[in-house]
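*Asks:* Build the 3D model from these lines:
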Amino acid sequence: MAQISTTISDAVLAVASFYVAYHVFNSHLIAKLGFAIIGTAATCGAVRFAFSSPPRDLQYYHDLLTWLSSMVALPFIAAMYLYLHDLPLLGFAFTGGAVVLTVLSKSMPSDLRRRSPQFASGAALLAIGIVCVKYSNLHGLVGVVVYILAALCVGTSGYSVGGLRSVDVFHYGVAFANLALGSGMYRRDQRW
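*Replies:* Presented below is the predicted three-dimensional model:
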């Protein structure tokens, strides 16, 4: 049976992520790429959950892009925040670290490979949060807090408040968080 609620929540996440990717300036290419990866993963999810029996290839690409969203996309967004706040070496470390971890992931033990996205996304959110507190970036900080609440309090399995699937609440939370993070870049850059 198709999971219509998850199709809708993934579609909302995709639209929000692509909206931010489109509106982030070309000088912020690394952030554009991060938001686009999240949007692409959500698009695959929306299509996947529209089927009662999705094709295996679609399942594989959705899982891969979801993994890349945590492993690469959030560190890329963190790198852009660091670049915008005159911390280019730390931003480069996030960009390079995400790429190196992704390349090395095939040779990692399975437990470490499974935990790597949690480490990468957690470090990225911590870096964005610290920069936002230091530079009084309320929009970016709200995005970080909503991401953390969505991941830790809601999660992606089971049911949440009001009988909604947790994964759907998670998607709506991440969609809002992406909009807030994008707005935080605008507030810093004053050109969006």
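
*Asks:* Could you use CA atoms for every contact and neighbour count after this?
*Replies:* Noted.

*Asks:* what number of residues lie near the closest residue in space to residue 55 that isn't next to it in sequence?
*Replies:* Leaving out its chain neighbours, the residue that sits closest to residue 55 by CA to CA, 6 or more residues apart in numbering is residue 48, at 7.9 Å. Counted with other CA atoms under 10 Å, residues neighbouring residue 48 total 24.

*Asks:* Isn't residue 48 up against residue 57?
*Replies:* No: between residue 48 and residue 57 no contact is recorded; they are 9.8 Å apart, counting by CA atoms under 8 Å.

*Asks:* if I look at residue 176, how far off is residue 182?
*Replies:* 10 Å (CA to CA, to the nearest Å).

*Asks:* likewise residue 9?
*Replies:* From residue 9 to residue 182 the distance is 19 Å (CA to CA).

*Asks:* Of these two, give the one with the bigger neighbour count.
*Replies:* residue 182 (27 against 22).

*Asks:* Helix or strand: which one has the more buried one?
*Replies:* helix 166-189 (DSSP states H and E).

*Asks:* Low-confidence stretches in the chain?
*Replies:* Where the chain drops to pLDDT under 70, the residues are 1-2, 154-158, 160-161, 187-192.

*Asks:* Run through the helices of it in chain order.
*Replies:* For the chain, helices defined by DSSP state H occupy the ranges 4-23, 29-48, 56-68, 74-84, 88-104, 110-134, 138-148, 166-189.

*Asks:* Could you dump those helices into a markdown table with distance to residue 159 added?
*Replies:* Below are the helices of the chain laid out as a markdown table (distance: least, CA to CA, whole Å):
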| stretch | distance to residue 159 |
| --- | --- |
| helix 4-23 | 12 |
| helix 29-48 | 18 |
| helix 56-68 | 20 |
| helix 74-84 | 25 |
| helix 88-104 | 31 |
| helix 110-134 | 22 |
| helix 138-148 | 18 |
| helix 166-189 | 5 |
